[in-house]
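# would you be able to build a 3D model of this:
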Amino acid sequence: MTVTREPAATADSVDRASWGPLPRRRPARRVPALLAIRTPIPAAGRWTLTVASIVVPLAAWQIGSMLVDGQPDFLPSPLESVAAGVEMARTGQLWTDTAATVGRVLRGFGLAVAVSVPLGLLMGSFQAGRAALEPMIGLLRYLPASAFIPLLIIWLGLGEPSKVALIFIATVFFNTLMTANVVRTVPAGLIDVSYTLGARRFEVLRKVIVPHSLPGMIDAIRVNAAAAWNFVVVAELINAQSGLGYRIVRSQRFNQLDNIFAVLIVIALIGVAIDLALRTTRDRVGRWAA
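Reported below is the predicted structural model:
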């Protein structure tokens, strides 16, 4: 006669027996389209939010200027700032300063893009380029660009070269690393297939890596263009005789806050125009990446 024995209770079975019932989750509530993650919203809602994002800050600005009524030199209203901008445009100051600042940004940041994009391609495509360049560039990007002002004055003087060089230093290292990161996202499968089909190294770089990375490169330029505009004001503190940053400093000396706000509005409008132009370019050259 065969005797079967029950398996001894293990520690796991005892512990599981002592577990309480799992908590019961309530049914998920229906989320409005405006709050759903990555869900398209109606055109009316999108336009409403867009308009509100502009109207609400302007209303807060207007209310703030009314709360300090009697102190017009402390916070001018939006209309007073626009009127000051119109007056500067009528006298020609605004056009002269805008042209000077835009020229400096184009030269400084344009030179940074011309240097950083090839370096980023080299670092992102070749391990040897990454090993040779990334440690030094990663170190230099942490140095504040404004700390180079005394050196730039000594090396380049007080003229335009020092201002352009400051904008270049402030943007070239970040744009290089961001470009390299974009290039490294190119799928290895695309590169392997290209070699399998007989493409040579330069053809892979020109026909696969660059087209795949171009939308991301433009996004990196969009981000760093804002940094260029931030540093142009600092650059124009170096003995400038024209420019939007120069106009801000000069207005501060004479307590002309309406002129300062007018210049800030102009800088914001130019920045938005540049961003829209780059975004449109990005969507056209990389529709597949949208």
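
# among the helices and strands of this protein, which has the poorest mean pLDDT?
Taking mean pLDDT, DSSP states H and E as the measure, helix 11-17 is the helix or strand of the chain with the lowest mean score, a mean of 59.

# show the subsequent helix or strand relative to that one.
Following helix 11-17 in sequence order, the next helix or strand is helix 43-67 (DSSP states H and E).

# name the helices or strands packed onto that following helix?
Using 3 or more C-beta pairs under 8 Å, 6 or more residues apart in numbering; DSSP states H and E as the contact criterion, the secondary-structure elements in contact with helix 43-67 are helix 78-91. Placement of C-beta: from N, CA and C, glycine included.

# now the helix or strand following the helix it packs on, how far from the chain's geometric center?
Heading C-terminal from helix 78-91, the first helix or strand you meet, by DSSP H and E, is helix 93-125. With C-alpha atoms, centre = their mean, to the nearest Å as the basis, helix 93-125 stands 14 Å off its chain's centre.

# same check, this time on stretch 161-169
Centroid separation between stretch 161-169 and its chain, computed with C-alpha atoms, centre = their mean, is 19 Å.

# mind checking the pLDDT average for it?
For stretch 161-169, the per-residue pLDDT values average out at 94.

# try stretch 55-72
Per-region confidence: stretch 55-72 scores 82 on mean pLDDT.

# for it, which positions count as buried?
For stretch 55-72, the buried set under the neighbour-count rule, 16 or more other C-beta atoms under 10 Å, comprises 61, 65.

# distance of residue 143 from residue 120?
Shown here: residue 143 relative to residue 120, a distance of 19 Å by C-beta to C-beta, to the nearest Å.

# same check on residue 138?
Residue 138 sits 13 Å away from residue 120, taking C-beta to C-beta as the criterion.

# same check, this time on residue 21
According to C-beta to C-beta, residue 21 stands 56 Å off from residue 120.

# ok, those two, which is more surrounded?
The residue with more neighbours, out of residue 21 and residue 120, is residue 120; 26 against 5, by other C-beta atoms under 10 Å.
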